[in-house]
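here are the coordinates; sequence isn't available:
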């Protein structure tokens, strides 16, 4: 059904909103929200109602606001003063437009092509077998050449191709845009062309970049299908002035896309790459890139492998296949494709991107020295690559040095990456650089200045729609908040990261985000929320039939059961966990199972046969080659001795662990060991316990456990006021993990300090 909404039309089947020359295709979630508004016109809908009926679960209010904001950009005359989607503060949101049903005629496209479509069609039918598009006259070519020569610094903003034919699927439209962007972003001339990744309208995108550069050139491509022929208009504009206008006709999407590539290449004053050879497979490549864009990498890989098999010399397709394989974590296959490309003429055209991808694979495999040598040698041999490419190489070098612990060189390259770059046109480079600089500084301190640097990086990552980088930044920011004991803010950022992951439609990545969020919620004592999140993880694990995700689900389920003292059920889940880890030959999870087993025994105070089981599991760890994790087993041994009241042996084990940790600069293990040592001394020497806990502050550990322990130490030393204050803080932090014995002590202290209450 087509609806007239004020001066716009909306197709509730395709999810397209049209207004004059603006066409907006709603995503699935945007369409679901917009349809819900249409079905409930005039009703004030609370955000909770929207979450339940549209999302089917509770999300952050910020997420709802973002979706509403996008819809307002599409439907309102002035989104800053909404008249259609109206917010009633404290109550909800109401859809208040005049809506009527209309016949589905595409008026705006018909009007736009009216001046030339008849002539173009007649000619196209006669000569379609001889030519693919109408030739340019000499005067037009001269104008474009002059602009290219005289304004080399100008940016060309390439707007998404506006294809108004419903026979072209969303996947194909996404694929065409992704393919054009891939071709020119890989080019050694990267930097002149701008491909905006935001959800803004074409008008808003142009307005955004026009404010940055008055001499900005804009390429608009409008397409209409008439019969079996695609009719298109390419317009190169500077403000309202049309620099060049070209009418083309094409028999298929491949020819249409090749025409656009030719047009852009003229602007760059270079020869046009051939997108395809064999026309019989032209749609496969476009669809592959579309599936890649929406996150369906398995389908993308299947299609693009067919393209590469049919066209072995299609280096662009082979390079995109290498990128898809990298995303799928098929590192060896990706590496092989890239090495093949290095031996072809492709290396002259996209050599930097090939080297950067090889660098990513070397980084994943911790081959940092090789990565550094390869990139530096490449730069020496190719000094004329674009400044954007040079900056990308510096970012990669900064990351490598950071991973190696060489903070000085890491900071140097992260800062050098910004030289000769424009913030407005390369926000992603600035985001990467600021993020890298913040990570370097984080190794030296934990100041609020670093958090602000992360915030700057996040804002830029959002402006460039770099979702993966946004998730990484949010993760680091949430960790900083945890260290500062700001759990609620940290969890809020984790939820925001998860919502961004869900935009990618990559269920595997979403599952990882769910696991991380579940861990945060468990640590902060939000057990009910953690269970809901973990149940979602379990459903995805079942859906994807993934043993790894199933093991993660069982891991968190066991921890939740231990925290609510469901020891018998936890034991059953531990057995399932071990069986699945052994069947799938997941050695890391077999190690994890040992830790879960000892957590259960110590939590249930079931220490009969503990030493025998500990010895057996220790032997298994050695067989698996995990000797470096023996320290965790030793920590469990110390806890066993403590629970057995054998304090001297517990202290002896902890002392050895602490010495090894400091020698290896392993601060986390040292802090964990000293925490256990403080617990032992609470009963026998509270003053020494407090000294140990105060000493740990220099390492900036997670504050939560120490609030409780310090309170107990102060209580033993007779400082009731300090004990009461610390326990009060701890109660706010621990949530559902708050222990009944702590509440008893808190009540006792309160009564003692305020006997009249």
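Yes, it's here. As the structure is a computational prediction, the values presented were derived from the model and not from experiment.

wait, residue 432 touches residue 415, no?
No. In this structure, residue 432 is not within contact of residue 415 by CB atoms under 8 Å, at 12.0 Å. Any C-beta I mention is one placed from the backbone N, CA and C, and that applies to glycine too.

who has more neighbours out of these two?
residue 432 (28 against 15; other CB atoms under 10 Å).

which SS class is that one?
Using DSSP: H, G, I helix; E, B strand; the rest coil, the structure places residue 432 in helix.

any idea how far the residue most central in space within the chain lies from residue 435?
Taking CA atoms, centre = their mean as the criterion, residue 468 is the residue nearest the geometric centre of the chain, at 2.7 Å. According to CB to CB, to the nearest Å, residue 468 and residue 435 sit 11 Å apart.

do the same with residue 418
Distance from residue 418 to residue 435, by CB to CB: 12 Å.

out of these two, name the residue with the larger neighbour count.
Ranked by neighbour count (other CB under 10 Å), residue 418 and residue 435 place residue 435 first, with 25 against 19.

name the element the residue lying closest to that one once chain neighbours are set aside belongs to?
Closest residue to residue 435 in three dimensions, ignoring its sequence neighbours and counting by CB to CB, 6 or more residues apart in numbering: residue 457, at 4.1 Å. Using DSSP states H and E, residue 457 maps to helix 448-463.

who are the packing partners of that helix?
Applying 3 or more CB pairs under 8 Å, 6 or more residues apart in numbering; DSSP states H and E, one finds that helix 448-463 contacts helix 427-442, helix 467-483.

export those helices to JSON lines and tack on distance to residue 522 and mean pLDDT?
Listed next are those as JSON lines, based on distance: least, CB to CB, whole Å; pLDDT from 0 to 100:
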{"stretch": "helix 427-442", "distance to residue 522": "24", "mean pLDDT": "94"}
{"stretch": "helix 467-483", "distance to residue 522": "13", "mean pLDDT": "87"}
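
show me the domain layout of this protein.
2-105, 106-275, 632-701, 702-757 (automatic domain parsing).

mean confidence (pLDDT) on the first one, please.
Mean pLDDT, domain 2-105: 81.

wait, isn't residue 84 in contact with residue 75?
Yes. Taking contacts as CB under 8 Å, residue 84 lies within contact range of residue 75: 5.2 Å.

between those two, which contacts overlap?
Applying CB atoms under 8 Å, 6 or more residues apart in numbering, one finds that residue 84 and residue 75 are jointly contacted by 5-6, 97.

buried subset of the residues you listed?
For the shared contacts of residue 84 and residue 75, a burial check counting by 16 or more other CB atoms under 10 Å picks out 5, 97.

dump the shared contacts of residue 84 and residue 75 to a markdown table, plus secondary structure and distance to residue 423.
As requested, the shared contacts of residue 84 and residue 75 are exported to a markdown table (DSSP: H, G, I helix; E, B strand; the rest coil; distance: CB to CB, whole Å):
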| residue | secondary structure | distance to residue 423 |
| --- | --- | --- |
| 5 | strand | 38 |
| 6 | coil | 37 |
| 97 | coil | 38 |
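
give the contact list for residue 472.
Counting by CB under 8 Å, 6+ apart, residue 472 has contacts residue 435.

again, only using 10 Å
Neighbouring residues of residue 472 by CB atoms under 10 Å, 6 or more residues apart in numbering: 432, 435, 439, 454, 457-458, 461, 466, 497.
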